[in-house]
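Visitor: A structural model of the following input is requested.
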Amino acid sequence: MKYRNTKKIAFFAVFFMLALNTVLAQGTIKKIDKAALKEVIKADDVQLIDVRTAEEYEAEHIGNAVNFNIIDRKMFVDQIKDLDRQKPVYVYCKIGGRSKRAAKLLKEKGFVEIYDYSGGYNDWVSE
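Guide: Residues are numbered from 1 along each chain as shown. Predicted coordinates for the structure are as follows:
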């Protein structure tokens, strides 16, 4: 009888550890404000993604951002394959809706540290 209980406890312990490991391995999404983003983009190797349309990006964008349009989900997923999943990645759109979707997708795809500039480009250009 004791052997059966020990086996059950061991099974649940292993199950719990695997579940905990899965949760910890998933990325985190953090909000970032304009002041913090201004500091971040000073680095040359920052992974900054403008998730707006190509037309919006061409009209104006932040620093050395790359344009990965979240509206085209298939292309977006293909484009993020070249990014380093272990390095922080920063996303923004116009006012925050698309960047939120992009951040969730990045998390699903295994990115570890995701920052959502939810104020978006409108906040960036406002004084």
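
Visitor: Now do the strands in the chain.
Guide: Here the chain has its strands, by DSSP state E, at 28-31, 47-50, 66-67, 89-92, 113-117.

Visitor: Report the mean per-residue pLDDT for the longest one.
Guide: It stands for strand 113-117. The average pLDDT within strand 113-117 is 98.

Visitor: Check the shortest one too.
Guide: In this model, strand 66-67 carries a mean pLDDT of 98.

Visitor: Quick check: neighbours of it in the sheet, parallel or antiparallel?
Guide: strand 47-50 (parallel) (DSSP bridges).

Visitor: Put the alpha carbons of the partner strand into PDB.
Guide: The C-alpha atoms that make up strand 47-50 are tabulated as PDB, following Å, rounded to 0.1, in the frame of the first residue of the first chain:
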ATOM      1  CA  GLN A  47      14.900  44.400 -31.700                       C
ATOM      2  CA  LEU A  48      12.200  47.100 -32.300                       C
ATOM      3  CA  ILE A  49       9.200  46.100 -34.400                       C
ATOM      4  CA  ASP A  50       6.700  48.500 -35.900                       C
END
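
Visitor: now that strand: how far from the chain's centre is it?
Guide: Remark: strand 47-50 is offset 10 Å from the chain centroid, using C-alpha atoms, centre = their mean, to the nearest Å.
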